[in-house]
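*Asks:* Would you be able to build a 3D model of this:
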Amino acid sequence: MNGHTAYIDPVLLERAEAGDKDAQFGLGVTYSVNGDYQAAARWLQKSAEQGEPTACFELAIIYLKLKKYLLAGEWFERAAELGGSEILSEIANTYNFYGEFRLAAEWFEKAAKTGDASAQYMLGKLYEEGKGVTQDAALAKMWYSRADELSVTQTREKVPDKPPDKPPLEPIAKFTPAATAQSPPLYADEQSLVSYTDITRELENELRAGDPEAAYNLAVILENGYSAERNCAKAAKLYEKAAERGLAKAQYALGDLYLRGEGVAKDQEKAAQLFRKAAQQGYVKALNAFAKMLENGGGVPQDRGLAADYYRRAAEHGNSEALASLGVMYQNGLGVAKDVGMAIGFFIKAAELGDARAQYRLANLYYDGHYLNKNLDKAAELYKKAAVQGYTLAQYSLAEMYYTGAGIQKDVAAAAEYYLKAAFAGFNKAQEEIGRIYVKGELGTADIINGSVWLYLSQSQEGIAYAESRLSPEEKLRVLQIMEDFKQKHPSLDQ
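*Replies:* Okay, here's the model as predicted:
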């Protein structure tokens with residue numbers, strides 16, 4: 001037991017005792033995240049014995065935690081029999097999370113042979129590092145290659161879950177009309193709109209038949225504006241219909257709307273209630289979302305210890321954000337005993353999965369050299385990976401390395417590029433640095449006006465004084481006017 005008393009929904013308990021396998025599963029997950037593994041195993045087994053694959057999977061994890069490896073293996077096998085190929089990679093990721101690399105490799109290979117690109121990639125990584133298998137560069141290359149080929153094919157065929165992001169803002173040297181032009185619309189492909197319209201018609205027919213999946217899928221289309229303009233209010237109503245039928249992903253999606261205040265009045269308490277319901281069904285995104293609310297005290301009383309439990313549960317399913325959050329908690333001793341070694345382990349796992357925050361934190365550790373051997377090349381590599389994903393702090397740190405030449409070839413132009421990215425995100429230090437670069441003319445000709453705009457935006461007293469020492473009264477008025485106009489067009493500059 002971890003000291004937390006599990007809140008048990010009396011309706012859920014009544015349903016579970018009446019033999020409802022979904023309620024039994026939800027009850028088992030509730031006990032699990034609160035550390036009562038005996039009660040969790042009891043209820044999960046009741047659900048598993050009724051043929052629920054996710055209950056088999058969760059039960060196996062309980063036995064893995066209790067170091068009952070034979071029982072864990074038996075229930076994972078049962079989960080795979082019932083759940084099909086989709087669950088193979090999850091089993092592999094779980095073994096990988098617990099450091100059981102030999103078993104992870106076995107399950108990644110099973111998943112890889114079904115055409116799972118992520119499993120092929122992870123199997124390649126195990127061969128590259130010699131974890132659980134004999135190190136073999138040729139096999140690593142083969143699995144990486146298969147993963148790349150399959151990922152390209154799947155990307156071409158897959159309907160996106162959400163509209164693509166706007167293209168990244170190109171670095172600019174001056175404030176020009178081109179630099180402030182509006183981005184193109186998210187979807188300009190008329191064929192995509194037509195296909196979504198057809199899907200919508202089919203879903204509306206299924207919705208009339210009372211299918212909660214249809215309600216959820218139609219809500220996704222409306223929320224993201226796939227077939228028409230976004231309509232979060234209608235999406236919320238449809239998510240609610242599906243959520244009332246117990247669909248975990250709909251409960252999560254509706255909670256997310258309440259959290260953001262889109263389509264419904266912003267309400268953190270309702271968001272937390274919905275996240276909790278979905279988390280009780282083992283929905284990974286909800287486990288992570290509810291953990292965040294517990295960590296920060298939004299919509300529920302702050303409880304960092306319980307937050308760590310929920311993060312851990314999501315992390316066991318390979319959720320990179322939860323892994324990174326656990327790393328931060330262990331690094332700072334928040335809700336758990338401080339353990340930088342544990343933090344590093346979580347950061348490494350999350351960074352490998354592409355989490356930008358973990359890549360940034362790990363880069364800092366390599367840069368500082370206090371807990372890891374100082375490695376500026378590795379730090380720069382990780383900063384760059386996070387920076388490419390738009391992680392502002394990493395963009396600034398990488399810019400600093402380029403500007404000072406610390407562990408990397410000095411390159412003022414590259415530094416300016418990354419300072420600009422962070423500056424446009426509203427990061428004051430980056431705004432000050434790019435302003436000084438312009439004013440000093442380090443990219444060629446000095447640009448006092450535009451450099452001063454950035455210095456004023458930075459709100460740094462030293463930066464503003466530096467600008468004012470070089471501006472005439474007329475130039476200062478011009479700078480202030482440009483700054484106000486630009487802030488209106490780019491609200492992120494004034495965060």
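*Asks:* excluding its backbone neighbours, what's nearest Leu294?
*Replies:* Ala307 (3.7 Å; C-beta to C-beta, 6 or more residues apart in numbering). C-beta here means a position set from N, CA and C on the backbone, and glycine is covered the same way.
*Asks:* The one you found against Leu287, yeah?
*Replies:* No: using C-beta atoms under 8 Å, Ala307 is not in contact with Leu287, being 10.5 Å away.
*Asks:* Looking at those two, which one has more neighbours?
*Replies:* Leu287 (29 against 25; other C-beta atoms under 10 Å).
*Asks:* per-residue confidence for the more buried one?
*Replies:* We have a pLDDT of 95 for Leu287.
*Asks:* Please apply the same query to Leu66.
*Replies:* 86.
*Asks:* Return the residues in contact with it.
*Replies:* Tyr37 (C-beta atoms under 8 Å, 6 or more residues apart in numbering).
*Asks:* and it, what are its phi and psi?
*Replies:* With angles defined as degrees, to the nearest 10, Leu66 sits at phi -80, psi 0.
*Asks:* hey, which helix or strand in this protein has the poorest pLDDT?
*Replies:* helix 190-208 (a mean of 54; mean pLDDT, DSSP states H and E).
*Asks:* picking up where we left off before, just to confirm, which helix or strand has the residue nearest to Leu294 in it?
*Replies:* Ala307 is part of helix 304-315 when elements are defined by DSSP states H and E.
*Asks:* Could you check how far Ala92 is from Ile62?
*Replies:* Noted for Ala92: a distance of 18 Å to Ile62, by C-beta to C-beta, to the nearest Å.
*Asks:* who has more neighbours, these two?
*Replies:* Neighbour count, other C-beta under 10 Å: between Ala92 and Ile62, Ala92 has more, with 29 against 22.
*Asks:* Not counting residues beside it along the chain, what's closest to the spatially most central residue of the chain?
*Replies:* Nearest to the mean C-alpha position of the chain, by C-alpha atoms, centre = their mean, lies Glu321 at 4.6 Å. In space, and not counting its chain neighbours, Glu321 is closest to Asn288: 5.6 Å by C-beta to C-beta, 6+ apart.
*Asks:* Contacts only, for that neighbour.
*Replies:* 310-311, 314, 319, 321-322, 325.
*Asks:* Let's see if you can find the most crowded of the residues you listed.
*Replies:* That'd be Tyr311 among these, by other C-beta under 10 Å, with 32 neighbours.
*Asks:* Could you measure from it over to Phe76?
*Replies:* 22 Å.
*Asks:* Same question for Ala236.
*Replies:* In terms of C-beta to C-beta, Ala236 sits 38 Å off from Phe76.
*Asks:* Between the two, tell me which one has more neighbours.
*Replies:* Per other C-beta under 10 Å, whichever of Ala236 and Phe76 has more neighbours is Phe76, with 26 against 20.
*Asks:* Where does the prediction get shaky in the stretch 201-350 of the chain?
*Replies:* Residues of the stretch 201-350 of the chain meeting the criterion pLDDT under 70: 201-210, 227.
*Asks:* need the helices for it, in chain order.
*Replies:* With DSSP state H, counting those that start in this stretch as the criterion, the stretch 201-350 of the chain has helices at 212-224, 232-244, 248-260, 268-280, 284-296, 304-315, 320-332, 340-352.
*Asks:* Could you tell me the angle between the fourth one and helix 232-244?
*Replies:* Okay, so that is helix 268-280. Relative orientation of helix 268-280 and helix 232-244, computed by axes from the mean of the first three to the mean of the last three C-alpha atoms, to 10 degrees: 40 degrees.
*Asks:* Surely Leu353 touches Leu323?
*Replies:* Yes: Leu353 is in contact with Leu323 according to C-beta under 8 Å; the separation is 7.1 Å.
*Asks:* and the two? which has more neighbours close in?
*Replies:* Leu323 (28 against 18).
*Asks:* Not counting residues beside it along the chain, what's closest to the more buried one?
*Replies:* Take Leu323 and drop its neighbours on the chain: the residue closest to it by C-beta to C-beta, 6+ apart is Ala350, 3.7 Å away.
*Asks:* List the residues that contact the one you found.
*Replies:* Contacts of Ala350 (C-beta under 8 Å, 6+ apart): 320-321, 323-324, 327, 357-358.
*Asks:* switch the cut-off to 7 Å
*Replies:* Applying C-beta atoms under 7 Å, 6 or more residues apart in numbering to Ala350 gives the contacts 320, 323-324, 327, 358.
*Asks:* quick one: it and Leu259, what's the gap?
*Replies:* Per C-beta to C-beta, Ala350 is found 22 Å from Leu259.
*Asks:* Can you pick out the most distant pair from the contacts of Ala350?
*Replies:* Ser320 and Gly327 (10.5 Å; C-beta to C-beta).
*Asks:* Pick out whichever of the two has more residues nearby.
*Replies:* Legend: neighbour count by other C-beta under 10 Å for Ser320 and Gly327, higher for Gly327 (28 against 21).
*Asks:* So that one sits against Gln359, correct?
*Replies:* No: with contact defined as C-beta atoms under 7 Å, Gly327 does not reach Gln359; the gap is 11.0 Å.
*Asks:* so what sits against both of these two?
*Replies:* By C-beta under 7 Å, 6+ apart, no residue touches both Gly327 and Gln359.
*Asks:* so how far is Tyr98 from the nearest residue to Glu128 once chain neighbours are set aside?
*Replies:* In space, Glu128 comes closest to Ala140 once its chain neighbours are excluded; the distance is 3.9 Å by C-beta to C-beta, 6+ apart. From Ala140 over to Tyr98 the distance is 22 Å, taken as C-beta to C-beta.
*Asks:* Tyr69 too?
*Replies:* In terms of C-beta to C-beta, Tyr69 sits 10 Å off from Tyr98.
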